[in-house]
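Visitor: Let's see this in three dimensions:
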Amino acid sequence: MSAGRRERRAHARRAIELPVLVHDRAAEAGNRVHGAIRFDARDLSLGGAFLRSDLLFEVGEELGVEFAIPDGPLVRATAQVVRVVREPLDDAGMGITFAQMADDDREAVRAFLAAE
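Guide: Residues are numbered from 1 along each chain as shown. As a prediction, the model looks like this:
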């Protein structure tokens, strides 16, 4: 983190390599091509994740995400892009926040993070 940037996260993040399928919510409304893109999460928290990729959505875009908790259930959520990192390329990706998540899915994420 740069010296001038304050830490503003509401939830502690756990470093993890985790495949995440991302669906563009605009596509679900008929505005774009349907399908899912596989990203790799670099970290995960109860509030969101950082997805590594050089294919980036824009800040504010709403996404559907799904990922399997290791030794646990498939979690689905609606997320919003809150940060985009374009450079350096080996650290490119997007910070997302979980906007909507079922209570059972949120509890599965909470239990996984607590089991460090």
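
Visitor: buried set for the lengthiest helix in the chain?
Guide: Scanning the chain for the helix with the most residues, using DSSP state H, yields helix 103-114. Residues D105, A108, V109, F112, L113 are the ones in helix 103-114 that count as buried (16 or more other C-beta atoms under 10 Å). All C-beta spots, glycine's among them, are computed from the backbone N, C-alpha and C.

Visitor: Mind checking the pLDDT average for that helix?
Guide: Here helix 103-114 scores 95 as its mean pLDDT.

Visitor: What lies in contact with that helix?
Guide: Contact with helix 103-114 is made by 12, 14, 44-46, 69-70, 72-73, 75-77, 98, 101, as judged by C-beta atoms under 8 Å, 6 or more residues apart in numbering.

Visitor: what about 6 Å?
Guide: For helix 103-114, contacts defined as C-beta atoms under 6 Å, 6 or more residues apart in numbering pick out R14, L46, I69, G72, P73, V75.

Visitor: Check stretch 17-25 too.
Guide: Contacts of stretch 17-25 (C-beta under 6 Å, 6+ apart): 32, 36-39, 41, 51, 62-67.

Visitor: Going through the residues you listed, which ones are buried?
Guide: Among those, those classed as buried by neighbour count (16+ other C-beta under 10 Å) are F39, A41, L51, E62, L63, G64, V65, F67.

Visitor: Just the ones in strands from the residues you listed, please.
Guide: Applying DSSP state E to these, the entries found in strands are F39, A41, L51, E62, L63, G64, V65, F67.

Visitor: follow-up on the earlier one: please identify the one among the contacts of stretch 17-25 that lies nearest to P88.
Guide: Nearest to P88 among those is L51, at 16.2 Å by C-beta to C-beta.

Visitor: How much space separates D105 from A111?
Guide: 11 Å (C-beta to C-beta, to the nearest Å).
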